[in-house]
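Asks: With the input below, show me the fold.
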Amino acid sequence: MPDPSQPLALEEGAPHPLGATYTGRGVNFAVFSAHATRVQVCLYDEAGTTETACITLPEYTDEVWHGFVPGLEPGTRYGLRVHGPYEPEKGHRFNHHKLLLDPYAKAHMGELQWGPELFGYTVGHPDGDLSFDERDSAPFMPKCVVVDSRFEWKQTDAVRVPWNQTVFYETHVRGFTMKHPKVPELFRGTFAGLALDEVIGPIKELGVTSVELLPVQMFLNQPFLTEKGLTNYWGYDTIGFFALDQRYMDGPNIDEFKHMVDRFHAHGLEVIMDVVYNHTPEGNEMGPTLSFKGIDNASYYRLMPEGEGTGPRYYINDTGTGNTVNLSHPRVLQMVTDSLRYWVTEMHVDGFRFDLATILAREDHGFDEGGGFLDSCRQDPLLSSVKLIAEPWDIGPGGYQVGGFPPGWAEWNDGFRDTVRAFWKGDEAMAPALAQCLTASGDRFNKRGRRPWASVNFITAHDGFTLADTTSYNEKHNEANNEGNRDGHGDNRSWNCGAEGPTDDAEVLALRARQQRNMLATLLLSQGTPMLLAGDEFARTQQGNNNAYCQDSDISWFDWEAASAPPGRSLTAFTQHLTQLRQTLPVLRRNRFLSGEWSEAAQVKDSVWFAPDGAEMDEAHWTDPQTRCFGLLLEGHAPASSLPRPAADDSVLLVFNSWEGAIDFQLPARPEGKGWTRVVDTALDAQEDAAFQPGHGYTVTGRSLLVFTSPQ
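Replies: Sure thing, here's the model as predicted:
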């Protein structure tokens, strides 16, 4: 830190890269603002409490304010003050009394302290957001930190798991490690805890390939939560797109995250980040001024157009959070793509899951699969090489876009979730919909050369019931959220199997365990890309809470004692068995959509649907609402690609029975001398292989799933 008693030297610097960049002899600052009149960088002491200098960036090039300060080093604390017009009716909300976070800051220190000083207007003033507040917000704001990006990576090569071998594992850094017996108390809830080999090893042994972390970029706790003693546990309120959240590490040391990624890569596991580029915590016109709003509100956010009775004083709210990030603006689009490239190049992550991704593809005229953001990702040689997964919906017009994203993207398929839950609950007329789900929802994704992996199948995710709760509760129980149980989705398609919540009834517990096995098997043996919610493999419960976004508590923390109990161990072993089958049986993860058409080269169809009596299913079977038992034969001899070349893989027969009673199922014929080996029967607590001849009438237990294999 330079001597505060001496004036700082200042040079012109460069307009790129944006943010604060350490060069070895000082720091270059570059801040985009198209409408500002002056930009200042304020420096602070190590504690972040005392301002030591405030410099005005001297140059303005291509709407970027920039300057270079010799002698500054990594660890320098700073914030921005941006001068310009305060004209809310025109979309401008500059207020230099408010210290702002640099959008490109790589680290932060200190916690945000909520108070009226954070707002650009005077809270409670009769003029509302048209008033102007002159109080200094610096004492209440976190400070940005200049970082040194150098790190000695031990794993220099990307993992790059092929899409058709990918199994996602969605988890939360804090929830996964807070009660983990192998994590020292000091490391619990942190990247350092998750980086331990004793933690990563069992994840690898489970058979998943790619760990998807809920948001770890810097986010905020909103006042309405803190006032109730709750917190923004999930983290879907990002304010720093280049910075890690401090609650997952010991100070502004980004090396902790890098070390974690390095250890995952050493185990052959990918790291996927859940990212939130669609909105920020600055809210609407009545929200605080923390960063983007004070730097260039009219550029960073989508504002209401003139002539519609409201105008740019107000925000377009396609996110339901008060504002929408304006990716139609080239500099905002640059910020997001720069952020993504940073996480790939500097942090070595392997892909991204985009929250409310429809918004990222929305232009002024609506969702556009040829929009600027999607085109930017598609043509970028770096971003197009990593995994890109869309949550393809939002609350805006035309917001539901499952199957609507362009080639190169995978998408969360909520239709899979809803269909599989409804089928195993025993709903009528679900057979046709389940058939689509089992074959990667080709009705939505089989176009433009997209592959089955584009459908990311899931039954549970962070948002909603866990698998155990899906089989234990008919209704949500979100009382702990202090919203009168009004929050959370009401249509869960869950079934408590005869008792609401915890029970000692042995029959109910046995049925729940079987239903969990049914859904896990359906998920992991379907075509497409499966995503497993962490903890489902040992029946983790959230006590019926289907909206635990604010629960940094035992509701969300993983109960590893339950995982080590006999029921948890049994379900984990079953999950491992399924992932092993998926990886060793190529027909379960074909890289082309199944057609059911005859192959002259192989003299077989690639897939055949069978009724229990052994006949191929016809229109009468599919249209019968009582059809609840059927089989799907995946023929291993069928060509695995478009080349007319027979494959030499084992065939697989999947049998589903969501009826409450047992049904006899005739095993299909096989080539002479070939038989069937049962490798899964969800009616059994422990899986044992057993041989059967074609034509055998196998009694399928009510509400159970079977898997048979047959060699070529």
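Asks: Checking my notes, residue 198 in a helix, right?
Replies: Yes - under DSSP: H, G, I helix; E, B strand; the rest coil, residue 198 sits within a helix.
Asks: what sits against it?
Replies: 182-183 (C-beta atoms under 8 Å, 6 or more residues apart in numbering). No exception for glycine: its C-beta is placed from N, CA and C like everyone else's.
Asks: 10 Å instead?
Replies: Residue 198 is in contact with 180-183, counting by C-beta atoms under 10 Å, 6 or more residues apart in numbering.
Asks: Would you check how far apart the closest residue to residue 438 other than its chain neighbours and residue 562 are?
Replies: Among residues not flanking residue 438 along the chain, residue 526 sits closest, at 4.9 Å (C-beta to C-beta, 6 or more residues apart in numbering). To residue 562, residue 526 is 27 Å away according to C-beta to C-beta, to the nearest Å.
Asks: Can you list the buried residues in the helix or strand hosting residue 332?
Replies: For residue 332, the host element (DSSP states H and E) is helix 330-345. For helix 330-345, the neighbour count (16 or more other C-beta atoms under 10 Å) marks 331-333, 335-340, 342-344 as buried.
Asks: same check, this time on stretch 427-440
Replies: Under the neighbour-count criterion of 16+ other C-beta under 10 Å, stretch 427-440 has 427, 430-431, 433-440 buried.
Asks: Dump stretch 116-128 to PDB, keeping only the CA atoms.
Replies: This file holds the C-alpha atoms of stretch 116-128, laid out as PDB (Å, rounded to 0.1, in the frame of the first residue of the first chain):
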ATOM      1  CA  PRO A 116     -30.900   3.900   4.200                       C
ATOM      2  CA  GLU A 117     -27.400   5.200   3.300                       C
ATOM      3  CA  LEU A 118     -27.200   2.600   0.500                       C
ATOM      4  CA  PHE A 119     -30.000   4.100  -1.500                       C
ATOM      5  CA  GLY A 120     -29.500   6.700  -4.100                       C
ATOM      6  CA  TYR A 121     -32.700   8.400  -3.100                       C
ATOM      7  CA  THR A 122     -33.800   9.400   0.400                       C
ATOM      8  CA  VAL A 123     -35.800   6.600   1.900                       C
ATOM      9  CA  GLY A 124     -39.200   7.900   3.100                       C
ATOM     10  CA  HIS A 125     -39.000  11.100   1.200                       C
ATOM     11  CA  PRO A 126     -42.400  12.300  -0.300                       C
ATOM     12  CA  ASP A 127     -40.800  12.300  -3.800                       C
ATOM     13  CA  GLY A 128     -39.700   8.700  -3.400                       C
END
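Asks: quick one: contacts of that stretch?
Replies: 86, 88, 93-95, 97-99, 112, 115, 129-141, 223, 282, 285-290, 293-294, 297.
Asks: Pull out the buried residues from those.
Replies: 86, 88, 93-95, 97-99, 112, 129, 131, 133, 135, 137-138, 140-141, 282, 285, 287-290, 293-294, 297.
Asks: Helices - which of the residues you listed land there?
Replies: In helices, defined here by DSSP state H, the members of the buried ones among the contacts of stretch 116-128 are 293-294, 297.
Asks: now stretch 554-574: mean pLDDT?
Replies: Averaged over stretch 554-574, pLDDT sits at 97.
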